[in-house]
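> Structure, please.
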Amino acid sequence: MSVDNILIRELKIEDADEVRKINSAITQKPSQIDFKRIIEEYAGKKENACFVAELQGKVVGYMISYILAGGFGVEKSAWIPMVGVDPKFMGRSIGKRLAQEIFNFYKKAGIKNIYTSVSWDSADLLSFFKTLDFDGSRFINLRKVLE
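Numbering: from 1, shown residues only. Have a look, this model is predicted:
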């Protein structure tokens, strides 16, 4: 299948199962993520940008983002917590097209900064965001394990 006919469109609740399947294909294990709830929470708000890449009626990629206003002294900005492309379609600029759609959406909304978080051992994901000109920020992710 040629990716020339990829349609980038808004993420809908009906896409939850296909998004879950893509996530499972990437992680190579069943997904425990409640994508229906996530889509309802993020895609249901007009200020958030959540898109899928569709090829011949099948979702082959997704990117979910949301607006964060005033957290930790940062001006209103966007955050990309989830992205995925079906492994059969990786390396064909689908992720880049999804990102460009999100960048255009937020640029029109006056947002200047978009953040994401990547695990240091996810070289492919880190490389993907670097190709989109993401760079280190002044933030460090911290974690506390609750026992």
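> hey, let's count contacts and neighbours off CA atoms from now on
Will do.
> and Leu55, backbone torsions?
phi -130, psi 120 (degrees, to the nearest 10).
> Can you give me the neighbour number for it?
Neighbours of Leu55 under the rule other C-alpha atoms under 10 Å: 17.
> Please name the nearest non-neighbouring residue to it.
Of all residues not flanking Leu55 in the chain, Ile6 sits nearest, at 5.0 Å (C-alpha to C-alpha, 6 or more residues apart in numbering).
> quick one, what contacts the one you found?
Contacts for Ile6 were tallied using C-alpha atoms under 8 Å, 6 or more residues apart in numbering; they are 53-56, 94.
> change it to 7 Å
53-55 (C-alpha atoms under 7 Å, 6 or more residues apart in numbering).
> where does the protein have low pLDDT?
Where the chain drops to pLDDT under 70, the residues are 1-3, 71-73.
> And the helix or strand hosting Lys36, what does it pack against?
Assigned by DSSP states H and E, Lys36 belongs to helix 35-42. Applying 3 or more C-alpha pairs under 7 Å, 6 or more residues apart in numbering; DSSP states H and E, we find helix 35-42 packed against helix 16-27.
> Try it again at 8 Å.
Applying 3 or more C-alpha pairs under 8 Å, 6 or more residues apart in numbering; DSSP states H and E, one finds that helix 35-42 contacts helix 16-27, strand 58-68.
> Return the set of buried residues in it.
Of the residues in helix 35-42, 35-36, 39, 42 count as buried by neighbour count, 16 or more other C-alpha atoms under 10 Å.
> now do stretch 46-65
In stretch 46-65, counting by 16+ other C-alpha under 10 Å, buried: 48-55, 59-65.
> Off-centre distance for it?
Relative to the centre of its chain, stretch 46-65 is centred 8 Å away, using C-alpha atoms, centre = their mean, to the nearest Å.
> Other residues contacting it?
Applying C-alpha under 8 Å, 6+ apart, the contact partners of stretch 46-65 are 3, 5-11, 15, 18-19, 22, 42-43, 66-67, 78-86, 89, 94-95, 98-99, 101-102, 105-106.
> just stretch 21-30 next, same as before
Against stretch 21-30 from outside (C-alpha under 8 Å, 6+ apart): 31, 60-61, 84-87.
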